[in-house]
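Colleague: pasting a predicted model and its sequence here:
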Amino acid sequence: MASAAVTQEGNAAGFLAAWAPDHGEPEGAARIDARAIDPDGPAAEVSLALAPAGVSLLFDDAAVSQAIRAVLSMPSADACSTLTLGDDRFVGAVTVVHGDDTSRLRFDPFGLLFPARIFRVDAGLFGWMPAPAGPVTQRYGAGNPWPWDRFTP
């Protein structure tokens, strides 16, 4: 699924797209938390912080952990997900707001790591996610991120 993206100035900015995990993903495509994706979701304002091509950080990097802590301390967005390559490479984040109050997007902590831009995205891509319940920066097992919606694995 894909939705057209428009800059705050009203210029076309291409498309944001998502693939179902069981259909594979194009080479180089970043992974997003599937709960952020909703083919029936309404249009949204989105802050997209994205690493330049070929650049990534370890997900456990202190700067990434601090950005996540900052997000957790802010009012909840309608959806927020990190973007990863493989199991441990952080390449950005997406923060989603539905409705008219887009003030939550004015400061994106992930924008301190990689350039962040705000887009208006058509309906059919982003939905709502519950706010995290706990420490999403911790890991268990073989480098797996701790499930952020509960305290038990």
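Modeller: Good, I have the coordinates. Numbering: from 1, shown residues only.
Colleague: residue 68 contacts residue 90, doesn't it?
Modeller: No - using C-beta atoms under 8 Å, residue 68 is not in contact with residue 90; the gap is 9.6 Å. Glycine gets a C-beta too; all of them are placed from N, C-alpha and C.
Colleague: show me which of those two is the more surrounded one.
Modeller: Neighbour comparison, residue 68 and residue 90: the larger count goes to residue 90, with 25 against 22 (by other C-beta atoms under 10 Å).
Colleague: assign a three-state SS to the more buried one, would you?
Modeller: Following DSSP: H, G, I helix; E, B strand; the rest coil, residue 90 is assigned to strand.
Colleague: who's in contact with residue 131?
Modeller: Applying C-beta atoms under 8 Å, 6 or more residues apart in numbering to residue 131 gives the contacts residue 76.
Colleague: using the three-state scheme, assign it.
Modeller: coil.
Colleague: now do it, the pLDDT please.
Modeller: With respect to pLDDT, residue 131 scores 76.
Colleague: would you check how far apart it and residue 22 are?
Modeller: 27 Å (C-beta to C-beta, to the nearest Å).
Colleague: ok, residue 120 next?
Modeller: Using C-beta to C-beta, one obtains 30 Å as the distance from residue 120 to residue 22.
Colleague: between these two, tell me which one has more neighbours.
Modeller: Shown here are residue 120 and residue 22; by other C-beta under 10 Å, residue 120 has more neighbours (17 against 5).
Colleague: may I have the beta-bridge partners of that one?
Modeller: When assigned by DSSP bridges, residue 120 has beta-bridge partners residue 6, residue 45.
Colleague: my read: it touches residue 43, true?
Modeller: Yes - the pair residue 120 and residue 43 qualifies as a contact (C-beta under 8 Å) at a distance of 6.8 Å.
Colleague: circling back to that earlier point, which neighbours do residue 68 and residue 90 share?
Modeller: When C-beta under 8 Å, 6+ apart defines a contact, the residues bordering residue 68 and residue 90 alike are residue 82.
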